[in-house]
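> how would this look folded up:
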Amino acid sequence: MQPLPLKNEFFEWQNEVLILNVLGTPSAKQDKILKPKGTQLKISIKKAPEDGKATDYMVKFLANEFGVSKSNIEVVYGETSINKQFRIKSPKKIPECISF
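This is a model prediction of the structure:
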């Protein structure tokens, strides 16, 4: 894995933890990491926003994309909002569609 900058508009590294600011789009046609929009990374998921289930689904999706278990992802805020922040501990891979 190549070295990444410590901070960008939508992410920040704190040692081995990636802090990721997300603008979520529930009820989308497909699960996909899109382009950054300002200080957030746009991510669409198929799950509908019902009682935080979309956030749980997004955690599962991000775990797969970053090569970690779900327990390595913490929802800092935004459990029931489209504006979210995640802490991803020791990601094993960085999705190609995220350009640093």
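
> partner strands of the top strand by length along the chain, parallel or antiparallel?
With secondary structure taken from DSSP state E, the chain has its longest strand at strand 17-25. Sheet pairing of strand 17-25 (DSSP bridges) gives strand 11-14 (antiparallel), strand 40-44 (parallel), strand 83-89 (antiparallel).

> most packed of those strands?
Of the strands paired with strand 17-25, the one with the most neighbours on average (mean count of other CB atoms under 10 Å) is strand 40-44, at a mean of 20. (Glycine included, C-beta is placed from N, CA and C.)

> Buried residues in the helix or strand following it, which are they?
Next in sequence after strand 40-44, counting helices and strands by DSSP states H and E, comes helix 53-66. Within helix 53-66, the residues scored as buried using 16 or more other CB atoms under 10 Å are 54-55, 57-59, 61-63, 65-66.

> quick one: which of those residues is nearest residue 17?
Residue 17 lies nearest to residue 66 out of the buried residues of helix 53-66, by CB to CB, at 11.5 Å.
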